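>>> need coordinates for the below:
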Amino acid sequence: MYQQNSISASGASDVPATPGTAVAAAQPECHVELTVEVADTLAALEGLRADYEQLHRATANTLPFALHEWHMAWCAHFLNLDPQVRDQLVVLAMRNEARECVAIVPLVASRRRFGPINICSIDLLGADPSTTELRAPLIVAGYEASTVSAIRGQLALRRDWDWIYWGSLTGAFGDAIVRSADLDLEQEPPGYVLDLAPTWGELRARLKRNVRESLRHCYNSLKRDGLGFVLEIAADPAAIRTALRRFLELHAMRAQMTGTIEHPNHFATAVSQRFLYSVCERLAARGAVRVFQLRIGHEIVASRIGFIVGDGLYLYSSGFDPKWRRYSVMTTTTAEAMKYAISLGLKTVNLSRGTDVSKTRWGPRTTHYSGALERRARIVSRIAFRFYVEARNGRGLPSLFSRFIKARRVWG
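Modelled structure (predicted):
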């Protein structure tokens, strides 16, 4: 259902908008009264579909994780997955005086019970282990500070929360959150976005010499051994489903490799695999999914999932067969995906988060992210937070209850 509250939010932000997600209508006036609607059920979230689409266009969003389809799939598979944690949607939709939706901030309130102690924590939707790489609200440029003021007013109406973790903070919204309260800040892994050139030749010329040499090796090593490759791109729903089966095999193979950078298997659980199929099916309906597959002979040897959102390609998880490692098949797959993006006239390729040479070698822009922990000032909340942290770590008095009470969430 919807809950509506009118909250005075003063001050349009003079901070530059979040890179890659902000282009919009004229700046609002300095004093903006936003109406906050709270979608707290899946039916209410479904009812925001048109508002998501409007904001997706108004903000020039390029992140699949901010789309309505991603949030619906996430809730269907991860919400209330752990029987010991009771989750409640708190998706905030902000509207201006003209009733235009200018921001959607998707939150989830999670309640745990530790004997006589009840704890309620709040996170941005998508606090799962690695399937949602970024947790991003949709906010029209210039409304960031007003949105934060509206969030503050909404939180003041709630008397049940103990702490909030603001993840993936960046840009004007991140700055406004940090200014609005006393927070414990931490650095999160950065993201990397490559601005494309009009042609592959121009992009390649921008690369460092050692990267150009590496690309030559990728292609020439196959030729020297009398091998050819074909890039197959799964784009329709049936082809995507078939391609995902091979992707999961290759992703698991890569995770099992030793003697190299560790790449965890993000889809080791049955629920994470069901989520992947579901979210790709939903996004395929809007033509947003591509599975890039490198075929050598009769075998798919490397695979990477991509999402076309706005004018950008987001390169998601990948996998390859280690027996083809010496041919750098993953680098070839990534290069071919970039060529494809250029052929479509896309402007950017998001190489995802995490610092390693497979991303930095391309000379991308760096987007810095922060996490911020906000603890409620009341003494009961501070005690509850300490209790929760020690229960997770298995230390102190809470460890006595560890056989009966689990602080760590089960994700499948």
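>>> does the residue nearest to Pro137 when sequence neighbours are not counted lie in a helix or a strand, and which?
Distances taken as Cβ to Cβ, 6 or more residues apart in numbering place Val105 nearest to Pro137, at 4.3 Å, with adjacent residues excluded. Every C-beta, even on glycine, is put in place using the N, C-alpha and C of the backbone. Element membership of Val105 [criterion: DSSP states H and E] is strand 101-114.
>>> give me the buried positions along stretch 175-183.
Asp175, Ala176, Ile177, Val178, Ala181, Leu183 (16 or more other Cβ atoms under 10 Å).
>>> my guess is the third one meets Gly371, correct?
No. With contacts counted by Cβ atoms under 8 Å, Ile177 stays clear of Gly371, the gap being 10.8 Å.
>>> any common contacting residues for those two?
Trp166, Leu169 (Cβ atoms under 8 Å, 6 or more residues apart in numbering).
>>> all helices for the stretch 301-412 of the chain, in order.
Using DSSP state H, counting those that start in this stretch, the helices of the stretch 301-412 of the chain run over 329-343, 357-360, 379-393.
>>> tell me what the last one is packed against?
Under the contact criterion of 3 or more Cβ pairs under 8 Å, 6 or more residues apart in numbering; DSSP states H and E, the helices and strands touching helix 379-393 comprise strand 101-114, strand 117-124, strand 365-375.
>>> and the helix or strand containing Glu33, which strands flank it?
In this assignment (DSSP H and E), Glu33 forms part of strand 31-39. Using DSSP bridges, strand 31-39 pairs in its sheet with strand 2-10 (antiparallel), strand 86-95 (antiparallel).
>>> mean confidence score for that strand?
For strand 31-39, mean pLDDT is 90.
>>> give the buried residues for it.
Buried residues in strand 31-39 (16+ other Cβ under 10 Å): Val32, Leu34, Thr35, Val36, Glu37, Val38, Ala39.
>>> chain center to that strand, what's the gap?
Relative to its chain's centre, strand 31-39 lies at 25 Å (Cα atoms, centre = their mean, to the nearest Å).
>>> nearest residue to Leu276 in space, please, no chain neighbours.
Closest to Leu276 by Cβ to Cβ, 6+ apart is Phe267, at 5.8 Å.
>>> try Phe229
Phe229's closest residue in space is Ile296 (Cβ to Cβ, 6+ apart), at 5.1 Å.
>>> now swap in Asp40 and tell me
Asp40's closest residue in space is Leu89 (Cβ to Cβ, 6+ apart), at 5.0 Å.
>>> check what pLDDT the residue nearest to the spatial centre of the chain gets.
What sits nearest the mean C-alpha location of the chain, by Cα atoms, centre = their mean, is Leu134, with 2.4 Å. The per-residue pLDDT reported for Leu134 equals 95.
>>> likewise for Leu79?
95.
>>> dump the residue contacts of it.
Asp87, Leu89, Val108.
>>> tell me the most packed of those, by neighbour count.
Per-residue neighbour counts (other Cβ atoms under 10 Å) across those peak at Val108, which has 21 neighbours.
>>> pull the CA atoms of the longest helix seen in the chain into PDB?
Using DSSP state H, we find that the single longest helix of the chain is helix 237-255. Extracted C-alpha coordinates of helix 237-255, given in PDB (Å, rounded to 0.1, in the frame of the first residue of the first chain):
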ATOM      1  CA  PRO A 237      14.900 -14.500 -24.400                       C
ATOM      2  CA  ALA A 238      15.300 -18.100 -25.600                       C
ATOM      3  CA  ALA A 239      18.900 -17.700 -26.700                       C
ATOM      4  CA  ILE A 240      19.700 -15.800 -23.400                       C
ATOM      5  CA  ARG A 241      18.400 -18.700 -21.300                       C
ATOM      6  CA  THR A 242      20.500 -21.200 -23.200                       C
ATOM      7  CA  ALA A 243      23.600 -18.900 -23.000                       C
ATOM      8  CA  LEU A 244      23.100 -18.500 -19.200                       C
ATOM      9  CA  ARG A 245      23.500 -22.200 -18.700                       C
ATOM     10  CA  ARG A 246      26.900 -22.200 -20.300                       C
ATOM     11  CA  PHE A 247      27.800 -18.900 -18.500                       C
ATOM     12  CA  LEU A 248      27.200 -20.500 -15.100                       C
ATOM     13  CA  GLU A 249      29.500 -23.400 -16.000                       C
ATOM     14  CA  LEU A 250      32.200 -21.100 -17.100                       C
ATOM     15  CA  HIS A 251      31.800 -18.700 -14.200                       C
ATOM     16  CA  ALA A 252      32.200 -21.600 -11.800                       C
ATOM     17  CA  MET A 253      35.300 -22.800 -13.700                       C
ATOM     18  CA  ARG A 254      36.900 -19.400 -13.300                       C
ATOM     19  CA  ALA A 255      36.100 -19.300  -9.600                       C
END
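>>> identify each buried residue in the helix or strand just after that helix, please.
Moving toward the C-terminus from helix 237-255, the first helix or strand encountered (DSSP H and E) is helix 270-284. Residues 271-273, 275-284 are the ones in helix 270-284 that count as buried (16+ other Cβ under 10 Å).
>>> ditto for stretch 202-222
Leu203, Val211, Ser214, Leu215, His217, Cys218, Leu222.
>>> ok, stretch 100-117 next?
101-112, 114, 117.
>>> hmm, who's touching stretch 46-64?
2, 20-25, 39, 66-68, 70-72, 91, 93, 100-104, 134, 136, 138-141, 283, 288, 307, 309-312, 314, 316, 348, 350.
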